[in-house]
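J.: Sequence plus the predicted model coming up.
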2 protein chains.
Amino acid sequence: MVPTPSRATAAPADADPAAGSPAEEGLRERKKRARRAALIDAAQMLVAEHGLDAVTVEMISAEAGVSARTFFNYFESKDDAVLGAEDSGLPEDVVEAFVAGGPTGRLLPDLEALVASLLRPHAEAHDRVVRAMDLMQQEPRLLQRHVLWMDRHKNRLVELFEARRASAPFSTDNELLTMLVLLLIRTALVAWEHAGYTGDPADHLPAAVAQLVDVVTHDLDS
Amino acid sequence: MVPTPSRATAAPADADPAAGSPAEEGLRERKKRARRAALIDAAQMLVAEHGLDAVTVEMISAEAGVSARTFFNYFESKDDAVLGAEDSGLPEDVVEAFVAGGPTGRLLPDLEALVASLLRPHAEAHDRVVRAMDLMQQEPRLLQRHVLWMDRHKNRLVELFEARRASAPFSTDNELLTMLVLLLIRTALVAWEHAGYTGDPADHLPAAVAQLVDVVTHDLDS
DNA sequence: TCATCTTATTGCAGTAGATGAAATTTTGCG
DNA sequence: CGCAAAATTTCATCTACTGCAATAAGATGA
């Protein structure tokens, strides 16, 4: 049997109108990208409709026109596909600025800058992230994967913190700082959600920081 | 015995949730407790030795002398058994104090008090928590479950925040506050771990708060 | 002590996520 | 075209987890 309409998606071939085609990208890379996107779309659509547990990877794979085994060549788990998790690393320049003790020289604003650059890629894949956020509310299990993602980056973050200590010493524990990063990410994303997903997630970062400062300093005041 | 008319179905009557009085405990409850403990011990021991993925629930069950099916009568998942997760709620008096705007009237210290009471039960089951913490470092997947636990309590926390708003208004978002609770819990636990698990996890809470204040206020100073 | 009701354990069958390996197809390129 | 590299698929297998029906083990009351 194998009713795979694999042709269907690949049909438009290279009918690229205009020369807008990403020249540097081979056909192979192209298809890979397309498949991945198709799988994420299928996963998010099906889960939104039937719920996380009612959707099997076979359904998702069938919807995307690939075998179930191929699915796992693209994602480590079903949940990953639903979240459409992309592991885009931190930009070089931002990292360099941070470890050098910049850009402002004060830890909290510099963390903010770091988080902003972590949030930026989320703005690009706007729709997918929005769908992922919505699904995360309905399916708390997905929030767990979000944390696993965090855990993967944790080592990298700790490296950055250690590196920065050399040029601009500070006393705060690495653990607290990573949790602070997580707090900022989450707060900004939720604020973005509450704002109806308008604009950029990073836009809500300053407000998050302001709130944090508020809570902590109120402690000292009154 | 007083002739109580309405006791159609088995009345749990006392049902003392606190494990304080073993005398009042029937043999059934006893065995249940013992089995549960045996399963947790077996799970933690085996995982410590062979790693999380190399240990099957069959091994754990066999080690504890029960069937694999029974295992799932006690735990929702393998990971839960390894963590030995207990869902002890917040004490009444602490909750009341918090929603009334106390005990200090300032949000951050009051959050600290709340977290302290969340950490206290961890001190009782000292050994198991220690082993769970160690395993969490080796097996990041377990950290996810820790978050699921958090998620379960999140609704309760949000209720508390909302209730407190009535008597002692504040502007901070619920999301930021829950993340702050998570940050304090995690920071205190890690500090406790670094201290060689001496004393109480809650002992390290003040230091965590101090660090947080430090990071945020340094922003304002320089 | 026995009869009985309730509750816990178990065996069995089945679903579904995830992985490894070999076979097959697709793509890149000279 | 024809060959080599890479990706997809098929197939077998493991394991976590669940529902159901049968059975064993406390609890209870006379």
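T.: Yep, it's here.
J.: quick one: what helix or strand has residue A:97 in it?
T.: Residue A:97 is located in helix A:92-99, with elements delineated by DSSP states H and E.
J.: and that helix, anywhere near chain B?
T.: No. Interface with chain B: helix A:92-99 contributes nothing (CB under 8 Å from any CB of the partner chain), its closest point being 14.8 Å away. Where you see a C-beta, it was placed from the backbone N, CA and C, and this is true even at glycine.
J.: What helices and strands are in contact with that helix?
T.: Under the contact criterion of 3 or more CB pairs under 8 Å, 6 or more residues apart in numbering or on different chains; DSSP states H and E, helix A:92-99 touches helix A:107-124, helix A:140-167.
J.: which parts of chain A sit against DNA strand D?
T.: A:2, A:4, A:6, A:28, A:31-32, A:35, A:65-70, A:73-74 (CB under 7 Å from any atom of the strand).
J.: For residue A:129, which non-adjacent residue is spatially closest?
T.: Of all residues not flanking residue A:129 in the chain, residue A:122 sits nearest, at 4.8 Å (CB to CB, 6 or more residues apart in numbering or on different chains).
J.: My read is that that neighbour contacts residue A:132, right?
T.: No. Residue A:122 lies out of contact with residue A:132 (CB atoms under 8 Å); the separation is 9.3 Å.
J.: All the strands of chain A, in order from the start?
T.: Ranges of strands in chain A, per DSSP state E: none exist.
J.: picking that back up, comparing the helices and strands packed on helix A:92-99, which gets the lowest mean pLDDT score?
T.: When the helices and strands packed on helix A:92-99 are compared by mean pLDDT, helix A:140-167 comes last with a mean of 86.
J.: Can you give the distance of stretch A:51-63 from its chain's centre?
T.: Relative to its parent chain, stretch A:51-63 has a centroid offset of 22 Å by CA atoms, centre = their mean, to the nearest Å.
J.: Residues touching that stretch, excluding its own?
T.: If you take CB atoms under 8 Å, 6 or more residues apart in numbering or on different chains as the criterion, stretch A:51-63 is touched by A:39, A:42-43, A:45-47, A:67-68, A:70-72, A:78-79, A:81-82, A:135, A:138-139, A:141-142.
J.: same check, this time on stretch A:125-133
T.: The contact list for stretch A:125-133, computed with CB under 8 Å, 6+ apart, reads A:40-41, A:44, A:48, A:82-84, A:86, A:122-123, A:142, A:189, A:193, A:197, A:201.
J.: Chain B versus the residue lying closest to residue A:71 once chain neighbours are set aside, what's the distance?
T.: Among residues not flanking residue A:71 along the chain, residue A:61 sits closest, at 4.7 Å (CB to CB, 6+ apart). As judged by CB to the nearest CB, to the nearest Å, residue A:61 and chain B stand 24 Å apart.
J.: and residue A:61, how many residues sit next to it?
T.: 23 (other CB atoms under 10 Å in any protein chain shown).
J.: before we move on, back to that, list buried residues within the contacts of stretch A:125-133.
T.: Burial by neighbour count, 16 or more other CB atoms under 10 Å in any protein chain shown: within the contacts of stretch A:125-133 this picks out A:40-41, A:44, A:82-84, A:122, A:142, A:189, A:193, A:197, A:201.
J.: Show me these that map onto helices.
T.: Counted as lying in helices by DSSP state H, out of the buried ones among the contacts of stretch A:125-133, are A:40-41, A:44, A:82-83, A:122, A:142, A:189, A:193.
J.: Quick check: which ranges of chain A have low pLDDT?
T.: Within chain A, the segments meeting pLDDT under 70 span A:1-27, A:87, A:219-222.
J.: Spell out which residues of it are next to chain B.
T.: Residues of chain A lying near chain B (CB under 8 Å from any CB): A:105-109, A:140-141, A:143-145, A:147-148, A:151, A:170-173, A:175-177, A:179-180, A:182-183, A:186-187, A:190-191, A:208, A:211-220, A:222.
J.: Just the buried residues out of these, in PyMOL syntax.
T.: With 16+ other CB under 10 Å as the criterion, this PyMOL line picks the buried residues out of these:
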select buried, chain A and resi 106+107+108+143+144+145+147+148+172+173+175+176+177+179+180+182+183+186+187+190+191+208+211+212+214+215+216+217+219
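J.: now residue A:218: how far from residue B:179?
T.: Noted for residue A:218: a distance of 17 Å to residue B:179, by CB to CB, to the nearest Å.
J.: Equivalent analysis for residue A:163, please.
T.: Relative to residue B:179, residue A:163 is positioned 26 Å away (CB to CB).
J.: Tell me, how many residues neighbour the closest residue in space to residue A:43 that isn't next to it in sequence?
T.: The spatially closest residue to residue A:43, leaving aside those adjacent along the chain, is residue A:81, at 4.2 Å (CB to CB, 6+ apart). Using other CB under 10 Å, residue A:81 has 25 neighbouring residues.
J.: quick one, what contacts residue A:81?
T.: Going by CB under 8 Å, 6+ apart, residue A:81 touches A:39-40, A:43, A:57, A:60, A:71, A:74-75.
J.: of those, buried ones?
T.: The neighbour count (16+ other CB under 10 Å) marks A:39-40, A:43, A:57, A:60, A:71, A:74-75 as buried among the contacts of residue A:81.
J.: wait, which of the residues you listed is closest to DNA strand C?
T.: Nearest to DNA strand C, judged by CB to the nearest atom of the strand, of those is residue A:57 at 4.2 Å.
J.: Tell me how far the nearest residue to residue A:189 once chain neighbours are set aside lies from residue B:48.
T.: Spatial nearest neighbour of residue A:189, chain neighbours left out: residue A:201 (5.6 Å); criterion: CB to CB, 6+ apart. According to CB to CB, residue A:201 and residue B:48 sit 40 Å apart.
J.: And residue A:97, by the same measure?
T.: For residue A:97 relative to residue B:48 (CB to CB), the value is 42 Å.
J.: Any idea how many residues pack against the nearest residue to residue A:94 once chain neighbours are set aside?
T.: Nearest residue to residue A:94, sequence neighbours excluded (CB to CB, 6+ apart): residue A:117, at 4.4 Å. Applying other CB under 10 Å, we find 18 residues neighbouring residue A:117.
J.: go on, residue A:155?
T.: Using other CB under 10 Å, residue A:155 is surrounded by 10 other residues.
J.: Repeat that for residue A:46.
T.: Number of residues near residue A:46 (other CB under 10 Å) recorded here: 19.
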